[in-house]
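Chemist: Just the structure for this:
(2 chains)
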Amino acid sequence: MPEQVIISARNLTKRFGHFTAVDTISFDVMRGEIFGFLGANGAGKTTAMRMLCGLLIPTSGEASVAGFDVYKHNEDIKKNIGYMSQKFSLYEDLTVKENMELYGGIYGKDKKYIKEKTASILKELHLEQEGDKLVKSLPLGWKQKLAFSVAIFHEPEIVFLDEPTGGVDPVTRREFWNLIYEAADKGITVFVTTHYMDEAEYCSRVSIMVDGKIEAMDTPAELRKQYQSASMDDVFLKLARKATRSE
Amino acid sequence: MKQFLSFVKKEFLHIWRDKRTLFILLGMPMVQIIIFGFALTNEVKNSQIAVLDQSKDAATVSLIQELNASLYFDVAQQLTSSSEIEAAFRKGKIKMVVVIPQHFGDDLQHNNKASVQLIADASDPNVANTLTNYASAVIMDYQNRITQQAKLPYTIKAEIRMLYNPQLKGAYNFVPGVMAMVLLLVCTMMTAITIVREKEMGTMEIMLVSPMKPQMVVFSKAVPYLLLSVVNIASILLLSTYVLEVPINGSLVLLVGESILFTLVSLSLGLLISSAAGSQQTAMFISLVGMFLPTIMLSGFMFPIENMPLPLRTVSNIVPAKWYYIIVRSVMIKGVGLKDVWKETVILTGMMLFFLTVAVKRFKIRLQ
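Modeler: Alright, predicted model coming up:
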């Protein structure tokens, strides 16, 4: 299968006043990849991601997502992506099923689709009994997995995950990554920001942002070799030490 | 459209799940109508007064009887010297002292002139004012009865007719006021809070990344509150008609239509506040201090706007409730039609469009 570019950014820049949050970054993400977008707090990860999702309009540069231009077709982009933020993103006072129904409805899915998809997700997560429970009554780990399933409920081409595993225990994180792998196997491209370096090892490719610029981008194995480090943690520290700004 | 409906459904679920808030939203108007209708009234009944009668003749006895017989007064104490007046007030029960000087009867009969002193406890100025007015009226009555025997050469008698509210019922004033207050509270505060809550929770971001248009997210939040307000309008009107016996003299359709217009103004205000407020507390604070207080103070419902100094009168013009209050009073009590309240209607419509435009603009700016 020939590799197909699904996200491409060329000299993408975002300035807020005099502050350049994202400084002429360029990269390509291939279809089906799990692309890790790493960086310290304040490095510009979230800003870059928000531009790709159509939440922010870039100051300059070009980018296309799923074949659509971020300036002209950001409504088309929205139909083809899923998004999960660092904040927990389900409605706590709705039941699991109601949340799924809502997201299905927002993405214009019909009743039949919503019903079948809901049943299959609940089965996959072994939450058949929990479907009619309020989300707030579930443990955090389950909620996080549910939030991910809801983010890809409409089977988008790309799913953006903004620090999805914050505050979750290692076991649940591992399970969460299994879900990510499954999604990638189905052909969904995963674009994930994180600052857990063990998670970086799970990615097909990673980029490391420092002070708004992409300092390094390759497979984890290649990066370790290049920076003569034993782990991604080391690679990250070597790069991040150069940072002059913090949050 | 399907997106819109699933979102509206979710908003209803939010309200439905929060039973306590729902109860307050639906119960509050009823409680307010009942409190304002029964407990809060300007009428003063059976106030305890004291009498210092230094004359003690036939005329004073019948005057005191007259006071005591009226609905408003209860002669609770007879004083014997002027030194006791202060003490009577200090105890707190006595609200007014009637001082009748010596030779009252004599003066009245022979000099055609006698005086009575009314001393009222003005630590509560409204009550003091009302009491002295009532007492003067009772004394006038008494005088009229005596003078009927003696023919006066010229007399002017003012015949007073209280139009639209012959019994001067307080409820005629409160019902329109409560309508304005309840609608504003439900729509402005609740809409602002629920939108800001989504911002706080992070769910708003998810909505913005979805193909839902941001304006649609916001409008669908307004729908349930619009419906709740219609329920509230109905319950207030039913209560005021059947319990407080305030008639709806004008067209019911016009009244409901104008109420929905005011609801829309409040909703757009709520949207505007939500675009400015960063947290639920801020939203609540702005709604309460920025909206609720002016509504009570400057709508004419509690205090007459005509008596306010010019700056306050000017400010009152930007309080939407003022215009709505005028409309409801005119339609409900006076029974006028749209041609008499078109100016106020236009003002409210203008306000709604203005708030809505600014709110939507601000909402867009936030996305840049």
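Chemist: burial of B:N232, as a residue count?
Modeler: For B:N232, the count of nearby residues is 24 (other C-beta atoms under 10 Å in any protein chain shown). Every residue, glycine included, has its C-beta placed from N, CA and C.
Chemist: Which pLDDT value goes with it?
Modeler: On pLDDT, B:N232 comes in at 91.
Chemist: Can you list the helices and strands that the helix or strand harbouring it packs against?
Modeler: Under the criterion of DSSP states H and E, B:N232 resides in helix B:214-242. When contacts are defined as 3 or more C-beta pairs under 8 Å, 6 or more residues apart in numbering or on different chains; DSSP states H and E, helix B:214-242 sits against helix B:2-17, helix B:19-34, helix B:171-184, helix B:190-201, helix B:203-209, helix B:252-276, helix B:338-367.
Chemist: what does the helix or strand that comes right after the second one contact?
Modeler: For helix B:19-34, the following helix or strand on the C-terminal side (DSSP H and E) is strand B:47-53. For strand B:47-53, the external contacting residues (C-beta atoms under 8 Å, 6 or more residues apart in numbering or on different chains) are B:60, B:64, B:67, B:72-82, B:84-85, B:88, B:93-100, B:127, B:131, B:135.
Chemist: Return the list of strands paired to strand B:47-53, each annotated with direction.
Modeler: Partners of strand B:47-53 in the sheet, by DSSP bridges, are strand B:73-79 (parallel), strand B:96-100 (parallel).
Chemist: burial of B:S123, as a residue count?
Modeler: 10.
Chemist: Same question for B:S81.
Modeler: 8.
Chemist: residues in contact with it?
Modeler: By C-beta under 8 Å, 6+ apart, the contact list for B:S81 reads B:L52.
Chemist: Show me what from chain A comes close to chain B.
Modeler: Within chain A, the residues that sit near chain B (C-beta under 8 Å from any C-beta of the partner chain) are A:53-57, A:75, A:78-79, A:81, A:83-94, A:98, A:101-108, A:134, A:160.
Chemist: Buried only: go through these for me.
Modeler: For these, a burial check counting by 16 or more other C-beta atoms under 10 Å in any protein chain shown picks out A:53-56, A:78-79, A:81, A:83-92, A:94, A:98, A:101-107, A:134, A:160.
Chemist: out of those residues, which are inside helices?
Modeler: Using DSSP state H, the members of these that fall in helices are A:C53, A:K78, A:K79, A:E98, A:E101, A:L102, A:Y103, A:G104, A:G105, A:I106.
Chemist: Relative to chain B, which of these is nearest.
Modeler: Within those, the smallest distance to chain B is 2.6 Å, found for A:G105 (C-beta to the nearest C-beta).
Chemist: Now do the contacts for the closest one.
Modeler: A:I114, B:K2, B:Q3, B:L5, B:S6, B:F7, B:K9.
Chemist: Where is pLDDT lowest across those residues?
Modeler: Here the lowest pLDDT out of the contacts of A:G105 sits on B:K2, with 78.
Chemist: Which pair of the contacts of A:G105 spans the longest distance?
Modeler: The most widely separated members of the contacts of A:G105, counting by C-beta to C-beta, are A:I114 and B:F7 (14.4 Å).
Chemist: Spatially central residue in chain A, please.
Modeler: Central residue of chain A (C-alpha atoms, centre = their mean): A:L161, 2.1 Å from the mean position.
Chemist: Confirm A:D23 sits in a strand?
Modeler: Yes: A:D23: assigned to a strand according to DSSP: H, G, I helix; E, B strand; the rest coil.
Chemist: Leaving out sequence neighbours, find the closest residue to it.
Modeler: Spatial nearest neighbour of A:D23, excluding adjacent residues (C-beta to C-beta, 6 or more residues apart in numbering or on different chains): A:G212 at 3.8 Å.
Chemist: quick one: that neighbour and A:T24, what's the gap?
Modeler: A:G212 is 9 Å from A:T24, where distance means C-beta to C-beta, to the nearest Å.
Chemist: May I have the predicted confidence score for the residue nearest to B:E84 when sequence neighbours are not counted?
Modeler: Leaving aside its chain neighbours, B:E84 sits nearest to B:L52 (7.4 Å; criterion: C-beta to C-beta, 6+ apart). Here the pLDDT value assigned to B:L52 is 91.
Chemist: separation between B:L52 and B:S82?
Modeler: B:L52 sits 6 Å away from B:S82, going by C-beta to C-beta.
Chemist: So for these two, which sits in the more crowded spot?
Modeler: Applying other C-beta under 10 Å to B:L52 and B:S82 shows that B:L52 carries more neighbours, namely 20 against 13.
Chemist: which stretches of chain A form strands?
Modeler: In chain A, the strands defined using DSSP state E lie at A:5-16, A:19-30, A:34-39, A:60-65, A:68-69, A:81-84, A:158-162, A:189-194, A:205-210, A:213-218.
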